[in-house]
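**Q** give me a model of this one.
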Amino acid sequence: MCSSRNGRATLSSALLLAGFLVALLAIGPVRAQNEAKFRLKPGAAGKLCLDCHVDFQDVVKQASVHTPVKGGQCASCHSPHAADHGKLLSATPDAICATCHGTMVPDGAVSAHQSVVEGRCVSCHDPHASPNKDVLIRAGNDLCLECHADVKSSLAAATHRHAPVDRNCLGCHDPHASKSATSLLVKASPALCLDCHKPDQAAFTKAHVGYPVAKSDCSSCHDPHGSKNEGILWATVHEPVKNRMCNQCHADSASPANLKRPGGDLCRGCHNDLALEIAAKSRVHSPVVDKTACANCHEPHASKTAGLLSAPQKQLCGSCHQDTIARQDRSLAKHAPVDAGECSACHLPHAADATFLFATADDKQVCGSCHDWAGHSAHPIGEAAVDQRNPNLRVDCGSCHRNHGTPYKVFAHGDVKGELCMACHTQFTR
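**A** Numbering: from 1, shown residues only. Presented below is the predicted three-dimensional model:
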(Lines give C-alpha, C1' and ligand atoms only; values in the text may rest on other atoms or scores of the structure.)
Protein backbone atom coordinates (compact mmCIF):
# COMPACT_ATOMS: atom_id res chain seq x y z
CA MET A 1 0.00 0.00 0.00
CA CYS A 2 1.42 3.43 -0.88
CA SER A 3 3.04 5.64 1.75
CA SER A 4 0.37 8.35 1.72
CA ARG A 5 -2.31 5.80 2.53
CA ASN A 6 -0.15 4.43 5.35
CA GLY A 7 0.10 8.00 6.61
CA ARG A 8 -3.67 8.38 6.50
CA ALA A 9 -4.10 5.07 8.32
CA THR A 10 -1.58 6.10 11.03
CA LEU A 11 -3.27 9.48 11.51
CA SER A 12 -6.69 7.81 11.63
CA SER A 13 -5.49 5.32 14.26
CA ALA A 14 -4.02 8.13 16.33
CA LEU A 15 -7.28 10.09 16.21
CA LEU A 16 -9.30 7.02 17.16
CA LEU A 17 -6.97 6.33 20.09
CA ALA A 18 -7.23 9.95 21.24
CA GLY A 19 -11.02 9.78 21.02
CA PHE A 20 -11.05 6.53 22.99
CA LEU A 21 -8.90 8.03 25.77
CA VAL A 22 -11.12 11.12 25.99
CA ALA A 23 -14.22 8.92 26.20
CA LEU A 24 -12.53 6.72 28.81
CA LEU A 25 -11.67 9.75 30.96
CA ALA A 26 -15.28 10.87 30.70
CA ILE A 27 -16.66 7.59 32.07
CA GLY A 28 -16.14 8.59 35.70
CA PRO A 29 -18.21 11.81 35.54
CA VAL A 30 -20.87 10.13 33.37
CA ARG A 31 -21.14 7.25 35.83
CA ALA A 32 -21.62 9.68 38.68
CA GLN A 33 -24.21 11.68 36.72
CA ASN A 34 -26.24 8.58 35.88
CA GLU A 35 -26.13 7.27 39.43
CA ALA A 36 -27.28 10.65 40.72
CA LYS A 37 -29.94 11.10 38.03
CA PHE A 38 -31.61 7.76 38.64
CA ARG A 39 -30.62 7.51 42.34
CA LEU A 40 -28.85 4.22 41.66
CA LYS A 41 -26.65 2.43 44.13
CA PRO A 42 -22.91 3.03 43.51
CA GLY A 43 -21.77 0.82 40.61
CA ALA A 44 -25.30 -0.23 39.75
CA ALA A 45 -25.50 1.60 36.41
CA GLY A 46 -24.13 -1.36 34.48
CA LYS A 47 -23.54 -4.27 36.81
CA LEU A 48 -27.15 -4.34 37.92
CA CYS A 49 -28.30 -4.62 34.28
CA LEU A 50 -26.15 -7.72 33.74
CA ASP A 51 -27.98 -9.54 36.52
CA CYS A 52 -30.94 -9.88 34.13
CA HIS A 53 -29.27 -9.42 30.74
CA VAL A 54 -26.89 -12.31 31.26
CA ASP A 55 -26.33 -12.73 27.52
CA PHE A 56 -24.42 -9.44 27.56
CA GLN A 57 -21.73 -11.03 29.67
CA ASP A 58 -20.57 -12.75 26.50
CA VAL A 59 -21.17 -9.65 24.35
CA VAL A 60 -18.71 -7.53 26.32
CA LYS A 61 -16.00 -10.15 25.81
CA GLN A 62 -15.79 -9.37 22.08
CA ALA A 63 -12.75 -7.67 20.59
CA SER A 64 -14.36 -4.25 20.09
CA VAL A 65 -16.61 -2.93 22.86
CA HIS A 66 -18.41 0.42 22.81
CA THR A 67 -16.84 2.66 25.46
CA PRO A 68 -20.03 3.25 27.52
CA VAL A 69 -20.68 -0.51 27.56
CA LYS A 70 -17.10 -1.21 28.61
CA GLY A 71 -17.52 1.29 31.45
CA GLY A 72 -20.80 -0.26 32.56
CA GLN A 73 -22.75 2.84 31.57
CA CYS A 74 -25.96 1.32 30.16
CA ALA A 75 -27.87 4.36 31.45
CA SER A 76 -25.87 6.61 29.12
CA CYS A 77 -28.10 5.40 26.29
CA HIS A 78 -31.01 3.62 28.00
CA SER A 79 -33.52 4.78 30.56
CA PRO A 80 -33.84 2.19 33.34
CA HIS A 81 -37.56 2.85 33.87
CA ALA A 82 -39.52 3.98 30.83
CA ALA A 83 -38.93 5.70 27.52
CA ASP A 84 -40.68 7.04 24.43
CA HIS A 85 -38.31 5.10 22.19
CA GLY A 86 -37.82 1.41 21.51
CA LYS A 87 -35.44 -0.65 23.67
CA LEU A 88 -35.84 1.97 26.44
CA LEU A 89 -33.54 4.36 24.57
CA SER A 90 -33.44 7.77 26.20
CA ALA A 91 -33.64 9.53 22.80
CA THR A 92 -33.55 8.72 19.09
CA PRO A 93 -30.46 6.67 18.16
CA ASP A 94 -28.87 9.50 16.16
CA ALA A 95 -29.33 11.96 19.03
CA ILE A 96 -27.79 9.52 21.50
CA CYS A 97 -24.74 8.96 19.29
CA ALA A 98 -24.33 12.70 18.75
CA THR A 99 -24.05 13.37 22.50
CA CYS A 100 -20.57 11.80 22.43
CA HIS A 101 -19.56 11.75 18.79
CA GLY A 102 -21.02 15.09 17.68
CA THR A 103 -21.79 15.47 14.00
CA MET A 104 -19.85 13.22 11.67
CA VAL A 105 -20.60 15.51 8.71
CA PRO A 106 -18.31 18.57 8.76
CA ASP A 107 -19.53 22.00 7.70
CA GLY A 108 -19.12 22.48 3.97
CA ALA A 109 -18.96 18.75 3.23
CA VAL A 110 -19.06 18.04 -0.50
CA SER A 111 -20.60 14.60 0.02
CA ALA A 112 -22.03 12.69 2.95
CA HIS A 113 -22.96 9.04 3.52
CA GLN A 114 -26.74 8.70 3.36
CA SER A 115 -26.93 6.53 6.47
CA VAL A 116 -25.00 9.19 8.43
CA VAL A 117 -27.24 12.02 7.20
CA GLU A 118 -30.30 9.99 8.19
CA GLY A 119 -28.83 9.20 11.61
CA ARG A 120 -28.70 5.45 11.02
CA CYS A 121 -25.39 4.86 12.82
CA VAL A 122 -26.47 1.36 13.79
CA SER A 123 -26.72 0.33 10.13
CA CYS A 124 -22.90 0.11 10.24
CA HIS A 125 -22.00 0.03 13.95
CA ASP A 126 -23.17 -2.29 16.71
CA PRO A 127 -24.11 -0.10 19.68
CA HIS A 128 -22.71 -2.58 22.18
CA ALA A 129 -19.85 -4.73 20.90
CA SER A 130 -18.51 -6.49 17.84
CA PRO A 131 -15.66 -8.79 16.82
CA ASN A 132 -14.72 -6.11 14.26
CA LYS A 133 -12.74 -2.90 14.64
CA ASP A 134 -14.75 0.26 15.47
CA VAL A 135 -17.68 -1.96 16.54
CA LEU A 136 -18.61 -2.44 12.87
CA ILE A 137 -21.30 -5.04 12.32
CA ARG A 138 -19.28 -6.62 9.49
CA ALA A 139 -15.62 -6.59 8.64
CA GLY A 140 -13.96 -4.80 5.73
CA ASN A 141 -15.66 -4.50 2.37
CA ASP A 142 -18.44 -6.93 3.32
CA LEU A 143 -20.15 -4.13 5.23
CA CYS A 144 -20.06 -1.66 2.33
CA LEU A 145 -21.07 -4.17 -0.33
CA GLU A 146 -24.16 -5.19 1.66
CA CYS A 147 -25.76 -1.89 0.59
CA HIS A 148 -23.79 -1.14 -2.57
CA ALA A 149 -25.08 -4.16 -4.47
CA ASP A 150 -24.36 -2.56 -7.86
CA VAL A 151 -20.66 -2.35 -7.01
CA LYS A 152 -20.73 -5.90 -5.67
CA SER A 153 -22.22 -7.29 -8.89
CA SER A 154 -19.84 -5.33 -11.12
CA LEU A 155 -16.87 -6.55 -9.09
CA ALA A 156 -18.08 -10.14 -9.42
CA ALA A 157 -18.15 -9.74 -13.21
CA ALA A 158 -14.88 -7.83 -13.44
CA THR A 159 -11.85 -9.63 -14.86
CA HIS A 160 -9.59 -6.67 -14.07
CA ARG A 161 -10.02 -5.39 -10.52
CA HIS A 162 -8.53 -2.25 -9.01
CA ALA A 163 -6.13 -3.49 -6.33
CA PRO A 164 -7.18 -1.02 -3.57
CA VAL A 165 -10.78 -2.25 -3.82
CA ASP A 166 -9.75 -5.71 -2.68
CA ARG A 167 -7.83 -4.23 0.23
CA ASN A 168 -10.34 -1.82 1.72
CA CYS A 169 -12.99 0.64 0.50
CA LEU A 170 -11.63 3.11 3.05
CA GLY A 171 -8.40 3.41 1.06
CA CYS A 172 -10.30 5.83 -1.20
CA HIS A 173 -13.56 6.65 0.61
CA ASP A 174 -14.37 8.29 3.93
CA PRO A 175 -17.15 6.28 5.61
CA HIS A 176 -18.96 9.33 6.99
CA ALA A 177 -18.42 12.41 4.82
CA SER A 178 -15.90 14.08 2.58
CA LYS A 179 -15.09 17.76 2.79
CA SER A 180 -13.20 17.79 -0.50
CA ALA A 181 -14.80 15.43 -3.03
CA THR A 182 -17.93 13.75 -4.33
CA SER A 183 -18.73 10.06 -3.73
CA LEU A 184 -17.15 10.24 -0.24
CA LEU A 185 -13.69 10.26 -1.81
CA VAL A 186 -10.94 11.36 0.58
CA LYS A 187 -9.53 13.45 -2.28
CA ALA A 188 -10.86 14.46 -5.66
CA SER A 189 -9.53 12.88 -8.85
CA PRO A 190 -6.81 13.03 -10.06
CA ALA A 191 -5.11 13.89 -6.73
CA LEU A 192 -6.39 10.68 -5.13
CA CYS A 193 -5.20 8.52 -8.01
CA LEU A 194 -1.77 10.17 -8.08
CA ASP A 195 -1.13 8.97 -4.52
CA CYS A 196 -0.38 5.59 -6.10
CA HIS A 197 0.00 6.17 -9.86
CA LYS A 198 3.03 8.22 -10.86
CA PRO A 199 2.74 9.98 -14.25
CA ASP A 200 6.51 10.34 -14.58
CA GLN A 201 7.02 6.58 -14.69
CA ALA A 202 7.72 5.06 -18.11
CA ALA A 203 4.94 2.44 -17.83
CA PHE A 204 2.36 5.15 -17.06
CA THR A 205 3.49 7.28 -19.99
CA LYS A 206 3.41 4.32 -22.35
CA ALA A 207 -0.07 3.25 -21.23
CA HIS A 208 -1.38 6.73 -22.07
CA VAL A 209 0.40 6.91 -25.43
CA GLY A 210 2.61 9.77 -24.31
CA TYR A 211 -0.31 12.17 -23.67
CA PRO A 212 -0.04 14.25 -20.45
CA VAL A 213 -3.04 13.10 -18.39
CA ALA A 214 -1.81 13.97 -14.89
CA LYS A 215 -4.41 16.74 -14.57
CA SER A 216 -7.26 14.80 -16.15
CA ASP A 217 -10.20 13.18 -14.38
CA CYS A 218 -9.11 9.53 -14.34
CA SER A 219 -12.70 8.33 -13.89
CA SER A 220 -13.64 9.77 -17.29
CA CYS A 221 -11.98 6.67 -18.77
CA HIS A 222 -11.43 4.21 -15.94
CA ASP A 223 -13.83 2.34 -13.68
CA PRO A 224 -12.35 2.91 -10.21
CA HIS A 225 -13.54 -0.48 -8.95
CA GLY A 226 -13.00 -2.96 -11.76
CA SER A 227 -13.88 -3.81 -15.32
CA LYS A 228 -13.95 -6.51 -17.96
CA ASN A 229 -11.64 -4.32 -20.02
CA GLU A 230 -7.88 -4.14 -19.75
CA GLY A 231 -6.71 -1.02 -17.94
CA ILE A 232 -10.02 -1.07 -16.01
CA LEU A 233 -11.58 1.06 -18.75
CA TRP A 234 -15.33 1.56 -18.48
CA ALA A 235 -17.64 -1.05 -20.03
CA THR A 236 -18.09 0.87 -23.30
CA VAL A 237 -14.90 2.17 -24.90
CA HIS A 238 -14.63 4.47 -27.92
CA GLU A 239 -12.87 2.62 -30.75
CA PRO A 240 -9.99 5.11 -31.12
CA VAL A 241 -9.27 4.75 -27.39
CA LYS A 242 -9.52 0.97 -27.56
CA ASN A 243 -7.07 0.96 -30.47
CA ARG A 244 -4.77 3.48 -28.74
CA MET A 245 -5.25 5.95 -31.60
CA CYS A 246 -5.64 9.16 -29.60
CA ASN A 247 -4.26 11.18 -32.51
CA GLN A 248 -7.36 10.29 -34.52
CA CYS A 249 -9.17 13.04 -32.59
CA HIS A 250 -6.47 14.95 -30.71
CA ALA A 251 -3.58 17.04 -31.92
CA ASP A 252 -0.11 15.86 -30.90
CA SER A 253 0.63 15.05 -27.27
CA ALA A 254 2.18 18.48 -26.70
CA SER A 255 -1.28 20.09 -27.00
CA PRO A 256 -3.85 17.33 -26.30
CA ALA A 257 -6.67 19.75 -25.52
CA ASN A 258 -6.68 20.85 -29.16
CA LEU A 259 -9.03 18.70 -31.20
CA LYS A 260 -8.34 18.27 -34.91
CA ARG A 261 -11.79 19.63 -35.77
CA PRO A 262 -14.49 21.32 -33.66
CA GLY A 263 -17.70 19.75 -32.37
CA GLY A 264 -19.69 17.47 -34.63
CA ASP A 265 -17.26 17.96 -37.53
CA LEU A 266 -14.78 15.78 -35.69
CA CYS A 267 -17.27 12.96 -35.09
CA ARG A 268 -18.46 13.13 -38.70
CA GLY A 269 -15.05 11.91 -39.80
CA CYS A 270 -15.99 8.39 -38.66
CA HIS A 271 -19.77 8.60 -38.31
CA ASN A 272 -20.50 10.13 -41.69
CA ASP A 273 -23.35 7.73 -42.49
CA LEU A 274 -25.14 8.77 -39.30
CA ALA A 275 -24.49 12.44 -40.07
CA LEU A 276 -26.08 12.06 -43.52
CA GLU A 277 -29.06 10.22 -42.04
CA ILE A 278 -29.59 13.04 -39.52
CA ALA A 279 -29.30 15.71 -42.23
CA ALA A 280 -32.01 14.00 -44.28
CA LYS A 281 -34.60 14.30 -41.49
CA SER A 282 -36.99 17.22 -41.10
CA ARG A 283 -36.61 17.43 -37.31
CA VAL A 284 -33.27 17.29 -35.49
CA HIS A 285 -32.70 17.00 -31.75
CA SER A 286 -31.29 20.40 -30.73
CA PRO A 287 -28.22 19.08 -28.85
CA VAL A 288 -27.02 17.45 -32.09
CA VAL A 289 -26.66 20.77 -33.91
CA ASP A 290 -25.32 23.14 -31.26
CA LYS A 291 -21.63 23.95 -30.78
CA THR A 292 -21.02 21.08 -28.33
CA ALA A 293 -22.89 18.63 -30.59
CA CYS A 294 -22.29 14.93 -29.84
CA ALA A 295 -20.49 15.66 -26.56
CA ASN A 296 -23.78 16.93 -25.10
CA CYS A 297 -24.86 13.33 -24.63
CA HIS A 298 -21.84 11.11 -25.34
CA GLU A 299 -18.50 10.58 -23.61
CA PRO A 300 -15.54 10.83 -25.98
CA HIS A 301 -13.40 8.15 -24.34
CA ALA A 302 -15.32 5.58 -22.31
CA SER A 303 -18.57 5.19 -20.41
CA LYS A 304 -20.33 2.78 -18.09
CA THR A 305 -23.42 3.16 -20.30
CA ALA A 306 -24.03 1.62 -23.72
CA GLY A 307 -23.59 3.94 -26.69
CA LEU A 308 -21.00 5.97 -24.76
CA LEU A 309 -23.87 7.89 -23.17
CA SER A 310 -22.78 10.24 -20.40
CA ALA A 311 -25.41 8.77 -18.07
CA PRO A 312 -28.34 6.32 -18.17
CA GLN A 313 -31.10 7.59 -20.45
CA LYS A 314 -33.53 8.65 -17.72
CA GLN A 315 -30.87 10.75 -16.03
CA LEU A 316 -29.39 12.05 -19.28
CA CYS A 317 -32.66 12.99 -20.98
CA GLY A 318 -34.02 14.24 -17.66
CA SER A 319 -31.18 16.77 -17.41
CA CYS A 320 -33.06 18.78 -20.07
CA HIS A 321 -36.57 17.31 -19.85
CA GLN A 322 -36.98 17.66 -16.08
CA ASP A 323 -40.70 18.40 -16.41
CA THR A 324 -41.32 15.12 -18.23
CA ILE A 325 -39.55 13.02 -15.60
CA ALA A 326 -41.29 14.94 -12.80
CA ARG A 327 -44.69 14.32 -14.41
CA GLN A 328 -43.96 10.59 -14.64
CA ASP A 329 -42.94 10.50 -10.98
CA ARG A 330 -46.21 12.19 -9.98
CA SER A 331 -48.37 9.99 -12.21
CA LEU A 332 -50.84 7.49 -10.84
CA ALA A 333 -49.84 4.96 -13.51
CA LYS A 334 -46.22 4.64 -14.61
CA HIS A 335 -45.44 4.20 -18.30
CA ALA A 336 -42.95 1.33 -18.26
CA PRO A 337 -40.42 2.69 -20.81
CA VAL A 338 -40.23 6.05 -19.03
CA ASP A 339 -39.99 4.43 -15.61
CA ALA A 340 -37.20 2.15 -16.84
CA GLY A 341 -35.40 5.07 -18.47
CA GLU A 342 -35.79 3.71 -22.00
CA CYS A 343 -36.63 6.98 -23.77
CA SER A 344 -35.35 5.59 -27.07
CA ALA A 345 -38.08 2.94 -27.00
CA CYS A 346 -40.40 5.64 -28.38
CA HIS A 347 -38.15 8.51 -29.45
CA LEU A 348 -35.23 8.60 -31.87
CA PRO A 349 -32.30 10.28 -30.14
CA HIS A 350 -30.84 12.21 -33.09
CA ALA A 351 -33.47 13.11 -35.69
CA ALA A 352 -36.81 12.10 -37.18
CA ASP A 353 -39.46 13.22 -39.63
CA ALA A 354 -42.27 12.84 -37.09
CA THR A 355 -43.14 15.17 -34.24
CA PHE A 356 -41.65 14.38 -30.81
CA LEU A 357 -38.87 12.55 -32.70
CA PHE A 358 -41.11 9.48 -33.06
CA ALA A 359 -39.88 6.90 -35.54
CA THR A 360 -43.15 7.26 -37.48
CA ALA A 361 -45.81 9.96 -37.75
CA ASP A 362 -48.48 7.38 -36.88
CA ASP A 363 -48.44 7.17 -33.10
CA LYS A 364 -50.50 3.98 -33.29
CA GLN A 365 -47.44 2.25 -34.74
CA VAL A 366 -45.19 3.62 -31.99
CA CYS A 367 -47.60 2.54 -29.25
CA GLY A 368 -48.43 -0.67 -31.11
CA SER A 369 -44.87 -1.94 -30.70
CA CYS A 370 -45.92 -2.74 -27.11
CA HIS A 371 -49.71 -2.30 -26.97
CA ASP A 372 -52.35 -4.17 -29.00
CA TRP A 373 -54.41 -1.04 -29.53
CA ALA A 374 -56.54 -2.69 -32.22
CA GLY A 375 -57.87 -5.28 -29.79
CA HIS A 376 -58.04 -3.42 -26.49
CA SER A 377 -61.06 -1.23 -27.29
CA ALA A 378 -64.02 -0.89 -29.62
CA HIS A 379 -63.52 2.89 -29.77
CA PRO A 380 -63.00 4.16 -33.35
CA ILE A 381 -59.42 5.19 -34.05
CA GLY A 382 -57.54 6.18 -37.18
CA GLU A 383 -58.18 8.28 -40.30
CA ALA A 384 -61.94 7.63 -40.33
CA ALA A 385 -62.40 8.80 -36.73
CA VAL A 386 -62.64 12.60 -36.50
CA ASP A 387 -61.74 14.14 -33.14
CA GLN A 388 -64.94 15.87 -31.99
CA ARG A 389 -62.92 18.56 -30.20
CA ASN A 390 -61.06 19.57 -33.36
CA PRO A 391 -62.26 18.48 -36.81
CA ASN A 392 -58.73 18.94 -38.18
CA LEU A 393 -57.49 16.06 -36.02
CA ARG A 394 -58.11 12.33 -36.08
CA VAL A 395 -58.50 10.10 -33.06
CA ASP A 396 -55.24 8.41 -32.14
CA CYS A 397 -53.63 7.10 -28.95
CA GLY A 398 -52.69 10.62 -27.85
CA SER A 399 -56.33 11.74 -28.04
CA CYS A 400 -57.08 9.93 -24.78
CA HIS A 401 -53.67 9.06 -23.31
CA ARG A 402 -50.60 11.08 -22.35
CA ASN A 403 -47.61 8.80 -22.67
CA HIS A 404 -45.54 10.43 -19.92
CA GLY A 405 -48.27 10.07 -17.34
CA THR A 406 -51.20 11.89 -15.77
CA PRO A 407 -52.97 11.90 -12.37
CA TYR A 408 -55.49 9.42 -13.81
CA LYS A 409 -55.52 5.71 -14.53
CA VAL A 410 -54.08 4.37 -17.82
CA PHE A 411 -52.37 7.75 -18.52
CA ALA A 412 -55.78 9.20 -19.45
CA HIS A 413 -56.23 12.96 -19.86
CA GLY A 414 -59.18 12.82 -17.48
CA ASP A 415 -61.32 10.52 -15.38
CA VAL A 416 -62.23 7.57 -17.61
CA LYS A 417 -65.60 7.19 -15.83
CA GLY A 418 -66.91 10.39 -17.36
CA GLU A 419 -64.74 13.46 -17.71
CA LEU A 420 -62.54 12.06 -20.49
CA CYS A 421 -65.42 10.73 -22.59
CA MET A 422 -67.61 13.80 -22.09
CA ALA A 423 -64.93 16.00 -23.66
CA CYS A 424 -66.09 14.59 -27.02
CA HIS A 425 -69.50 13.11 -26.27
CA THR A 426 -71.03 16.33 -25.03
CA GLN A 427 -74.57 15.05 -25.62
CA PHE A 428 -74.21 12.89 -22.54
CA THR A 429 -73.23 15.66 -20.19
CA ARG A 430 -75.72 16.64 -17.48
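
**Q** residues contacting the nearest residue to Ser183 once chain neighbours are set aside?
**A** The shortest distance from Ser183 to any non-neighbouring residue, by Cβ to Cβ, 6 or more residues apart in numbering, is to Ser111 (6.0 Å). (C-beta placed from N, C-alpha, C; glycine too.) Contacts for Ser111 (Cβ atoms under 8 Å, 6 or more residues apart in numbering) come out as Ala177, Ser178, Ala181, Thr182, Ser183, Leu184, Leu185.

**Q** my read is the fifth one is in a strand, agree?
**A** No - note on Ser183: no strand contains this position according to DSSP: H, G, I helix; E, B strand; the rest coil, which reports coil.

**Q** that one against Ala177, yeah?
**A** No - counting by Cβ atoms under 8 Å, Ser183 stays clear of Ala177, with 11.4 Å between them.

**Q** neighbour count winner among the two?
**A** Between Ser183 and Ala177, Ala177 has the larger neighbour count (other Cβ atoms under 10 Å), namely 18 against 14.

**Q** ok, the more buried one to Asp150 distance?
**A** In this view, Ala177 and Asp150 are 21 Å apart by Cβ to Cβ, to the nearest Å.

**Q** Asn132: neighbour count?
**A** 18.

**Q** what of the one 5 residues further on?
**A** Each residue near Ile137 was counted by other Cβ under 10 Å, and the total is 16.

**Q** I'd say it and Pro131 touch.
**A** No - when contacts are counted by Cβ under 8 Å, Ile137 is not listed as touching Pro131 (9.9 Å).

**Q** where in this structure is pLDDT low?
**A** Scanning the chain with the threshold set as pLDDT under 70 gives 1-37, 43, 376-377.

**Q** okay, now the domains of it?
**A** The chain breaks down into these domains under automatic domain parsing: 16-138, 329-428.

**Q** after the longest strand anywhere in the chain, next one along is what?
**A** Longest strand of the chain, by residue count under DSSP state E: strand 382-386. Next helix or strand after strand 382-386 toward the C-terminus (DSSP states H and E): strand 394-395.

**Q** ok now that following strand, how far from the chain's centre?
**A** Computed by Cα atoms, centre = their mean, to the nearest Å, the chain-centroid distance of strand 394-395 equals 42 Å.

**Q** and stretch 362-381, by the same measure?
**A** 36 Å.

**Q** could you list the buried residues of it?
**A** Residues of stretch 362-381 classed as buried by neighbour count (16 or more other Cβ atoms under 10 Å): Asp363, Lys364, Val366, Cys367, Trp373, Ile381.

**Q** using the three-state scheme, assign the second one.
**A** The three-state assignment at Lys364 reads helix, by three-state DSSP.

**Q** residue contacts, Ala374?
**A** By Cβ under 8 Å, 6+ apart, the residues touching Ala374 are Gly368.

**Q** what of Leu184?
**A** When contacts are counted by Cβ under 8 Å, 6+ apart, Leu184 touches Ser111, Ala112, His113, His173, Asp174, Pro175, His176, Ala177, Ser178.

**Q** show me the helices in the stretch 101-250 of the chain, by range?
**A** Taking DSSP state H, counting those that start in this stretch, the helices of the stretch 101-250 of the chain run over residues 114-117, 141-147, 149-157, 163-167, 202-207, 239-242.

**Q** helices or strands up against the second one?
**A** Counting contacts by 3 or more Cβ pairs under 8 Å, 6 or more residues apart in numbering; DSSP states H and E, helix 141-147 is packed against helix 149-157.

**Q** please name every helix or strand in contact with the helix it packs on.
**A** Judged by 3+ Cβ pairs under 8 Å, 6+ apart, helix 149-157 is in contact with helix 141-147.

**Q** endpoint to endpoint, stretch 156-172 covers what distance?
**A** Taking Cα to Cα, to the nearest Å, stretch 156-172 runs 20 Å from one end to the other.

**Q** list the buried ones in that stretch?
**A** Under the neighbour-count criterion of 16+ other Cβ under 10 Å, stretch 156-172 has Ala158, His162, Pro164, Val165, Cys169, Leu170, Gly171, Cys172 buried.

**Q** one more: stretch 405-424?
**A** Neighbour counts over stretch 405-424 (16+ other Cβ under 10 Å) mark Gly405, Thr406, Tyr408, Phe411, Ala412, Leu420, Cys421, Ala423 as buried.

**Q** same check on stretch 106-115?
**A** For stretch 106-115, by 16+ other Cβ under 10 Å, it's Ala109, Ser111, Ala112, His113.

**Q** ok, of those, which one's closest to Gln201?
**A** Ser111 (30.4 Å; Cβ to Cβ).
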